[in-house]
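Visitor: Structure for the following, please:
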Amino acid sequence: MLAYPTETVYGFGGLPTRSVVEGLVALKKRDPAKSMLLLVPNREAVSDLTWTPEAIELADVFWPGSVTLVLSDAEARYPEGVRGPAGGVAVRVSPHPLVRELVCGLGGPILSTSANRPGEPPALDAQGALGAAVAGGAGEELWVLDGGALEPSPPSTIIDCSGPVPVVLRQGTVPLERVRCVLPGIEAGSADERI
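Guide: Next up is the predicted model:
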């Protein structure tokens, strides 16, 4: 498992396998029904997901950036914990140079969840990520990439493109008004609706 900086907070992650999902759930004492996102090098790395015209347009405008898109995984290629209960997989291309180099070097997606325990603030530096990992019971299997201290930031904006109509599930660093410049009719919904 890894801890690394993103454009918003430090994250925990690893390859999107069932064993890594289970390890991250245990590390964070996280609800196993709550899915994690994938950080990807580019759209082609998750071409096996269903890319609607709206999702393509959003990715073209906001990636790399702090917009997470939920796409349908109709073939159930990803394990539970990556794939949400409704079959959606959340994906993002981070602009942070360290994590970009990591995912581009791997050539494929990595799991990502904030480096913290439920109810605690996410880590904004490598020491905080390491502290959260140790508190969760991590041992020598954790690697920490130190990208320096991050400025406090809202989380990524999450847009669900897995259904017939895109919905903003979480307003974050990219406000709804800016998303509406790309998709004028998009509405805000609840993060519990579809992921």
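Visitor: any weak-confidence spans in the chain?
Guide: 191-195 (pLDDT under 70).
Visitor: Centre-most residue in it?
Guide: Among the residues of the chain, the one closest to the centroid is residue 37, at 3.3 Å (CA atoms, centre = their mean).
Visitor: residues in contact with residue 32?
Guide: 25, 80-81 (CB atoms under 8 Å, 6 or more residues apart in numbering). Placement of C-beta: from N, CA and C, glycine included.
Visitor: And the residue nearest to the centre of the chain, how close does it get to residue 179?
Guide: From residue 37 over to residue 179 the distance is 18 Å, taken as CB to CB, to the nearest Å.
Visitor: ok, back up a step: can I get the contacts of residue 32 in JSON lines with distance to residue 53, neighbour count and secondary structure?
Guide: Shown next, in JSON lines, are the contacts of residue 32 (distance: CB to CB, whole Å; neighbours: other CB atoms under 10 Å; DSSP: H, G, I helix; E, B strand; the rest coil):
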{"residue": "25", "distance to residue 53": "34", "neighbour count": "17", "secondary structure": "helix"}
{"residue": "80", "distance to residue 53": "28", "neighbour count": "14", "secondary structure": "strand"}
{"residue": "81", "distance to residue 53": "28", "neighbour count": "22", "secondary structure": "coil"}
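Visitor: my guess is residue 51 meets residue 43, correct?
Guide: Yes: with contact defined as CB atoms under 8 Å, residue 51 reaches residue 43; the gap is 7.1 Å.
Visitor: anything in contact with each of these two?
Guide: residue 59.
Visitor: For the nearest residue to residue 103 once chain neighbours are set aside, grab phi and psi.
Guide: Distances taken as CB to CB, 6 or more residues apart in numbering place residue 41 nearest to residue 103, at 4.5 Å, with adjacent residues excluded. Backbone torsions of residue 41, given as degrees, to the nearest 10, read phi -70, psi -30.
Visitor: Just list the residues touching residue 41, thanks.
Guide: Residues near residue 41 by CB under 8 Å, 6+ apart: 93, 100, 103-104, 106-108.
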